[in-house]
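Engineer: The following block contains a protein sequence and its predicted model.
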Amino acid sequence: MVEFIETIIVGSGQAGLAMSHHLAQRGREHVILERARIAERWRSERWDSLYFQFPNRMMRLPGHDYDGGDPDGFTHRDGVVRFIADYAARNAAPVRCGVNVSALRRTDAGRLRVEAGPLSMEANNVVVATGPWQAPRIPPAAVQLPPHIHQVTANRYTSPSELPPGGVLVLGSGASRYQIVEDLIAQGRQVHYALRGHRRVPRRYRGRDFGLWNEAMGVTDRIASSIPPGTRSPLVTGHKGGHTADMRGLARRGATLLGSLRGIVEGRVMLNADLNASLDAGDAAFRDTLQSIDAFIAQQGIEAPPDDGADADARAVRAPAPEIESLDLGATGIGSVIWALGYDYDLGWIDCPVLDSLGAPVQQRGVTREAGLFFLGLHRMHKMKSGFLWGVGEDAAFLADHIAGRA
Ligand SMILES: Cc1cc2nc3c(=O)[nH]c(=O)nc-3n(C[C@H](O)[C@H](O)[C@H](O)COP(=O)(O)OP(=O)(O)OC[C@H]3O[C@@H](n4cnc5c(N)ncnc54)[C@H](O)[C@@H]3O)c2cc1C
């Protein structure tokens, strides 16, 4: 007998649980299938020193807000896991853990069939909430690294002490990579950091956290299709109470900054001469952010404290950094490489025509052209905020209405 249930949600991270919350509110039958544990990626695919990158007051899921005593502080990764697990418990979310969904297809009778090992289930609706960041990207050049070099992707990196002795080369330039570099420097590791572009912003400015200004200004509500291609996510960190990220500050603390990866040849890492372009782009983004907040405050007549000149270093006009053409891994004593170049989708188990040639879901606000098949929690799925913990609820409510409308 194949079990039938109206809606199957795949994945019990923040997205799957927000979906469950909204379906329950509408009285719709559903189950959540989770291959491991609730919030598994926050448990086992984030490094030990990671903090939530937005202030605690932005830890919110539908019907579940942060209620601790430090709304402007930042929560450690373990606290995020607790927050999500508490949400599941509070909602009595119908999660079945240890169920790894390996196939999804349409049956002859028109239902959606989900398979997970010996388990087969059918549903009218399936919501795929398996995460915005799935398979870490490793460039083809990785195979050229000498075999003695330890290689690890950002989702498997845990702490500096887990790496073999010696210098570390980190590649990538988003928030994750920056935080990993800070983590390594704090533990006294010699770090080389190859970056490509970045968008840095002040952590706090004129009395508010950047995340809250961004929300107030409506930036996080921007519709994805209106966001120019290539727009980067802001580089922020919640580590140690949160502070402004500054690449050049890393260099002052001992890291060697490099341009982006061009290739690897006979133990040498070849680099593009684009380091200064990256740094300048980051500096320009920082200044633009200050100006946009100032303009918003003036336009809205908000009573905000004046600019206190904080982050003076991060604002200063800086001399160009040296462009290094290549790095001899042996001579620089590098023993480990951390690949932090972003993620691809890993949705090959979906046997319905809803993926593009790169394996990414083709959807509009989570709705695919395959009746009853939905996605939730994708990066910029509908709005800028769609992939964030505090942003996913709105898309979940939209899909729950859609599913209720199909019943
Ligand atoms: C390093 C890093 C730091 C981040 N920091 C923040 C932050 O501070 N604030 C913020 O708002 N956002 C942050 N994000 C973005 C986003 O909030 C997270 O990626 C978050 O984990 C997304 O939640 P999700 O529920 O959509 O997906 P995930 O958390 O990825 O959850 C997907 C779930 O699906 C399960 N699953 C996957 N495949 C299957 C399958 N085939 N069968 C059954 N189950 C399956 C997984 O085990 C997992 O539990 C961060 C992302 C990264 C990578």
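Structural biologist: That came in fine, so what should we check first?
Engineer: ok, now which ones touch the closest residue to residue 262 other than its chain neighbours?
Structural biologist: Nearest residue to residue 262 in three dimensions, chain neighbours excluded: residue 270, at 4.2 Å (C-beta to C-beta, 6 or more residues apart in numbering). The way it works is simple: take the backbone N, C-alpha and C, and place the C-beta from them, glycine included. Each residue near residue 270 by C-beta atoms under 8 Å, 6 or more residues apart in numbering is listed here: 261, 262, 263, 264, 325, 326.
Engineer: doesn't residue 270 fall inside a helix?
Structural biologist: No: with DSSP: H, G, I helix; E, B strand; the rest coil as the criterion, residue 270 is assigned strand and is not in a helix.
Engineer: Could you report the separation of it from the ligand?
Structural biologist: 27 Å (C-beta to the nearest ligand atom, to the nearest Å).
Engineer: Also residue 402?
Structural biologist: To the ligand, residue 402 is 18 Å away according to C-beta to the nearest ligand atom.
Engineer: Equivalent analysis for residue 202, please.
Structural biologist: The gap separating residue 202 from the ligand is 17 Å, by C-beta to the nearest ligand atom.
Engineer: Could you look up the SS state of that residue?
Structural biologist: The assignment at residue 202 comes out as coil when based on three-state DSSP.
Engineer: Quick one: neighbours of it, just the number.
Structural biologist: Per other C-beta atoms under 10 Å, the neighbour tally for residue 202 reads 24.
Engineer: ok, it touching residue 289?
Structural biologist: Yes: counting by C-beta atoms under 8 Å, residue 202 does reach residue 289; the two are 6.5 Å apart.
Engineer: tell me, what's touching the two both at once?
Structural biologist: Residues touching both residue 202 and residue 289 (C-beta under 8 Å, 6+ apart): residue 210.
Engineer: Provide a list of residues in contact with residue 256.
Structural biologist: Residue 256 touches 191, 192, 193, 324, counting by C-beta under 8 Å, 6+ apart.
Engineer: Just grab the bridge partners of it for me.
Structural biologist: With DSSP bridges as the criterion, residue 256 is bridged to residue 192.
Engineer: that older thread, please convert the buried members of the contacts of residue 256 into ChimeraX selection syntax.
Structural biologist: Only the buried entries of those go into this ChimeraX selection, using 16 or more other C-beta atoms under 10 Å:
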select :191,192,193,324
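Engineer: Make a markdown table from the contacts of residue 256 and add distance to the ligand to it.
Structural biologist: Converted to a markdown table, those look like this (distance: C-beta to the nearest ligand atom, whole Å):
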| residue | distance to the ligand |
| --- | --- |
| 191 | 18 |
| 192 | 21 |
| 193 | 17 |
| 324 | 27 |
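Engineer: ok so, going back, who's the residue nearest to residue 262 bridged to?
Structural biologist: Beta-bridge partners for residue 270, by DSSP bridges, are residue 263, residue 326.
Engineer: What's the PyMOL syntax to select whichever of the contacts of residue 270 are buried?
Structural biologist: In PyMOL, this line selects whichever of the contacts of residue 270 come out buried by 16+ other C-beta under 10 Å:
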select buried, resi 261+262+264
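Engineer: just curious, which of the contacts of residue 270 is nearest to residue 386?
Structural biologist: Of all the contacts of residue 270, residue 386 sits closest to residue 261, with 29.3 Å by C-beta to C-beta.
Engineer: Taking the stretch 251-400 of the chain, what residue is nearest to the ligand?
Structural biologist: Residue nearest to the ligand within the stretch 251-400 of the chain: residue 377 (2.8 Å; C-beta to the nearest ligand atom).
Engineer: For the closest residue to that residue other than its chain neighbours, give me its contacts.
Structural biologist: Among residues not flanking residue 377 along the chain, residue 15 sits closest, at 2.9 Å (C-beta to C-beta, 6+ apart). The contact partners of residue 15, taken as C-beta under 8 Å, 6+ apart, are 129, 131, 376, 377, 392, 396.
Engineer: In three-state terms, label residue 15 for me.
Structural biologist: Classification of residue 15 using three-state DSSP returns helix.
Engineer: how close does the residue nearest to residue 391 when sequence neighbours are not counted sit to residue 60?
Structural biologist: Spatial nearest neighbour of residue 391, excluding adjacent residues (C-beta to C-beta, 6+ apart): residue 385 at 2.7 Å. Going from residue 385 to residue 60 by C-beta to C-beta, to the nearest Å gives 11 Å.
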